[in-house]
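Need coordinates for the below:
(chains A and B)
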Protein chains: 2
Amino acid sequence: MTVVADLTERELIARIQQRLPPPPEWLLVGIGDDAAVVEPERNRVEVLSVDSLVESVHFDRSFVPPDAIGHRALAVNLSDIAAMGATPRLALISLALPPSLPLSEFDGIADGFSALARRHRVQIVGGNLTRSPGPLMIDITVVGSVKRRQALTRDGARPGDELYVSGTVGSARAGLRLLREGSSTEHPAVDLRLVTAYLRPEPRVRLGTLLARNRAATACMDLSDGLADAVRQVAEASHVGAIIDAEALPIDPGARPWLAGRGLDPVDEAIVGGDDYELLVAVRPRLGRRLEAARRHAAVPLTRVGVCTEDRTLTIRRAADSMPLPSGFGHFR
Amino acid sequence: MTVVADLTERELIARIQQRLPPPPEWLLVGIGDDAAVVEPERNRVEVLSVDSLVESVHFDRSFVPPDAIGHRALAVNLSDIAAMGATPRLALISLALPPSLPLSEFDGIADGFSALARRHRVQIVGGNLTRSPGPLMIDITVVGSVKRRQALTRDGARPGDELYVSGTVGSARAGLRLLREGSSTEHPAVDLRLVTAYLRPEPRVRLGTLLARNRAATACMDLSDGLADAVRQVAEASHVGAIIDAEALPIDPGARPWLAGRGLDPVDEAIVGGDDYELLVAVRPRLGRRLEAARRHAAVPLTRVGVCTEDRTLTIRRAADSMPLPSGFGHFR
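I've put the predicted structure just below:
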């Protein structure tokens, strides 16, 4: 079996280059020099984000196929750019690879990120390859752009603003459980939906740019570390509180009975589970029609899950009960 | 002892933020949102580079102090930007940390990159923190800028162009040997020079920007993977050959006897040794005065080490002898 250590760095880079579309005009110097040179976009500000996936922290190679590793590594970054309302433009990809990584897996990873990049017209302009004496790591930097006053930050929500989430919440975590346990909901269509949510999340780039352009949102952030974490971050940055309505959460209907059958609370799973690359959006009630327009054009479900309050507590309301919102996912603790 | 796992991600980020200067006006959204937002520079093209340092591949924590790890991680990137003739402007820093890393070492790493960033007026605009189940890894993306037609690439050298290197070659490798073996040249000043070359290389940012501005160089690249590798890359990209004069190599005079005393050839060490963040520059003979002006303003030694040839072989000439230039450092093979 051929492994990455059998090839030179240059041969490995060439395998990535083969997968890239022809360079656009704005790319003046691409892969192969000390650095990439690009022409900036006119009349836009730039949005930059970096995120990394680390083997056995963020993915498990025993059940995450190589192309899903590549896809997810780029998707988490595109999701950050989408949450700013920006259009992604280029990426730099840094890989630290165990020398024993089969070349076929390397190719699969490259397939995963290059296919997603192509779909979003993101140009891979450079990167870095190195050996890892431990886990496989992918670090991706994405640069995008947005009109000067349209960037969506976390700090613009006001009391009375309604909170919406795109897509479903908790699906990625349920999909991860299915994969990890090698089990099934007994409904192949549900399995596929949940597993896909975990392995190949669709960053909400189009929704983000539409929300920025029509100024529907007062605050926006992605759910990478779970809904509870996102609500907390938006509330803190905006100096508001929030009430989340547990009954309203868009939990995949196929996941509910499967989770309940294992003694897990679908609502808990949905609010603390990370890896849902959906957007949390705060909207003034009178701008509901703009939100609706963005939803329709992006063809993405948007569900009202709560409201921002003057009182700065964070509450989840459930039937007659109200409880403090739990903390989200922590990377160190 | 406090370790990084005792703190939350946010507390760790705050420790980095404390070390940063106040944000410049062009930084519209800094650390703390999904992504950074920056105003691009007018009338310049952007230069982007990413590089990573991986524990036990690129550094050994047993003899590389934390601040040197932070310094080097940024320096290798600034060196790439310098080699393009560009001025670095901002950086994104991604850290994958073993949970058992002492907090004092985390602080030391942050001290290292923030001090170097400050000296070069590079703003740290964002990053990522994650846990590593294995080695410590630092991945840095730097963005800089240069005037449109002034970027220094590798492909402009022509037969007859002279090859120069800045500073010394082989010092970092000699310094690494000293550290690894815990030995000494018996001359404290020499030890300090060599060890500093390895631990705290000075990226040649000022020299690079001066060479770009006065158009002295036809090609430029940094020596991160050694002189032999750099000569090979410039020659290949420019479709020329090269003759390197072994006697001319600017090897630290204090390193020569120490290396020779251990049965090592100082010239071999200098041409295949990596980690010298110096610049290799190709210059038309008639533009020697411009090179001299850049050298004087940057106050960096520049030594003529060879010449580009029409014949596409790569040769190192040594006394009466000529030999093929050896290959450089390979990250996988």
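
How are the helices of the stretch 1-150 of chain A distributed by residue range?
Ranges of helices within the stretch 1-150 of chain A are A:9-17, A:66-83, A:103-119, based on DSSP state H, counting those that start in this stretch.

Comparing those helices, which stretch has the densest surroundings?
The densest packing among the helices of the stretch 1-150 of chain A, expressed as mean neighbour count by mean count of other C-beta atoms under 10 Å in any protein chain shown, is seen in helix A:66-83 with a mean of 27. (C-beta placed from N, C-alpha, C; glycine too.)

What is it packed up against?
Taking 3 or more C-beta pairs under 8 Å, 6 or more residues apart in numbering or on different chains; DSSP states H and E as the contact definition, the neighbouring helices and strands of helix A:66-83 are strand A:45-54, strand A:87-97, helix A:103-119, strand A:137-146, helix A:188-199, helix A:205-213, strand A:217-222.

redo that, cut-off 6 Å
For helix A:66-83, the helices and strands in contact under the criterion 3 or more C-beta pairs under 6 Å, 6 or more residues apart in numbering or on different chains; DSSP states H and E are strand A:45-54, helix A:103-119, strand A:137-146, helix A:205-213, strand A:217-222.

Ok, which of the ones you listed comes nearest residue B:253?
strand A:137-146 (40.2 Å; C-beta to C-beta).

What strands line up against that closest one, and which way round?
Each strand pairing with strand A:137-146, determined using DSSP bridges, is listed with its direction: strand A:45-54 (antiparallel), strand A:87-97 (antiparallel).

For the helix or strand just after it, which outside residues touch it?
Past strand A:137-146, further along toward the C-terminus, the next helix or strand under DSSP states H and E is strand A:162-166. Under the contact criterion C-beta atoms under 6 Å, 6 or more residues apart in numbering or on different chains, strand A:162-166 has outside partners A:204, A:207, A:278-283, A:285, A:300, A:302-307.

filter these by proximity to chain B?
Of the entries in these, none also sits close to chain B under the rule C-beta under 6 Å from any C-beta of the partner chain.

quick one, what contacts the closest residue to residue A:109 other than its chain neighbours?
Of all residues not flanking residue A:109 in the chain, residue A:70 sits nearest, at 4.0 Å (C-beta to C-beta, 6 or more residues apart in numbering or on different chains). Applying C-beta under 6 Å, 6+ apart to residue A:70 gives the contacts A:109, A:112, A:113.

Model confidence for the closest residue to the second one other than its chain neighbours, exactly?
Taking C-beta to C-beta, 6+ apart, and ignoring the residues beside it in sequence, residue A:112 has residue A:70 as its nearest neighbour in space, at 2.6 Å. According to the model's per-residue confidence, residue A:70 sits at a pLDDT of 98.

Equivalent analysis for the one 3 residues further on, please.
Confidence at residue A:73, expressed as pLDDT, is 97.

Would you check that it makes contact with residue A:138?
Yes. Counting by C-beta atoms under 6 Å, residue A:73 sits close enough to residue A:138 to count as a contact (4.0 Å).

So for residue A:105, what's the pLDDT?
In this model, residue A:105 is scored at 98, pLDDT.

dump the residue contacts of it.
With contacts defined as C-beta under 6 Å, 6+ apart, the neighbours of residue A:105 are residue A:66.

repeat that with 8 Å
A:61, A:66 (C-beta atoms under 8 Å, 6 or more residues apart in numbering or on different chains).

Against residue A:254, how distant is it?
Using C-beta to C-beta, to the nearest Å, one obtains 31 Å as the distance from residue A:105 to residue A:254.

got CSV for the helices of the stretch 1-150 of chain A, with distance to residue B:3 too?
Supplementary listing: the helices of the stretch 1-150 of chain A in CSV, determined by distance: least, C-beta to C-beta, whole Å:
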stretch, distance to residue B:3
helix A:9-17, 34
helix A:66-83, 26
helix A:103-119, 31
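
So which of those is nearest residue B:128?
helix A:66-83 (9.7 Å).

Buried ones in the helix or strand harbouring residue A:178, by neighbour count?
According to DSSP H and E, residue A:178 maps onto helix A:171-181. Neighbour-count burial for helix A:171-181, with 16 or more other C-beta atoms under 10 Å in any protein chain shown as criterion, is recorded at A:171, A:172, A:173, A:174, A:175, A:176, A:177, A:178, A:179.

contacting residues around the fourth one?
Put plainly, it is residue A:174. Residues touching residue A:174, when contacts are defined by C-beta under 8 Å, 6+ apart, comprise A:194, A:197, A:198, A:252, A:255, A:258, A:259, A:269, A:273.

Okay, strands next: where are they in the stretch 201-333 of chain A?
Using DSSP state E, counting those that start in this stretch, the strands of the stretch 201-333 of chain A run over A:217-222, A:241-245, A:279-283, A:302-309, A:314-318, A:321-324.

Determine if any part of the first one is in contact with chain B.
Yes. Judged by C-beta under 8 Å from any C-beta of the partner chain, strand A:217-222 and chain B are in contact via A:221, A:222.

Residue A:123 reaches residue A:89, doesn't it?
Yes. With contact defined as C-beta atoms under 8 Å, residue A:123 reaches residue A:89; the gap is 6.9 Å.

For the residue of the stretch 101-250 of chain A found nearest chain B, give its distance to residue B:137.
Checking the stretch 101-250 of chain A residue by residue against chain B with C-beta to the nearest C-beta singles out residue A:134 as nearest, at 2.2 Å. Using C-beta to C-beta, residue A:134 is found at 9 Å from residue B:137.

These two: which is more packed in?
For residue A:134 against residue B:137, the residue with the higher neighbour count under other C-beta atoms under 10 Å in any protein chain shown is residue B:137, and the figures read 29 against 22.

Give me the neighbour count for the nearest residue to that one once chain neighbours are set aside.
Nearest non-adjacent residue to residue B:137, counting by C-beta to C-beta, 6+ apart: residue B:96, 4.3 Å away. Residues contacting residue B:96 under the criterion other C-beta under 10 Å number 29.
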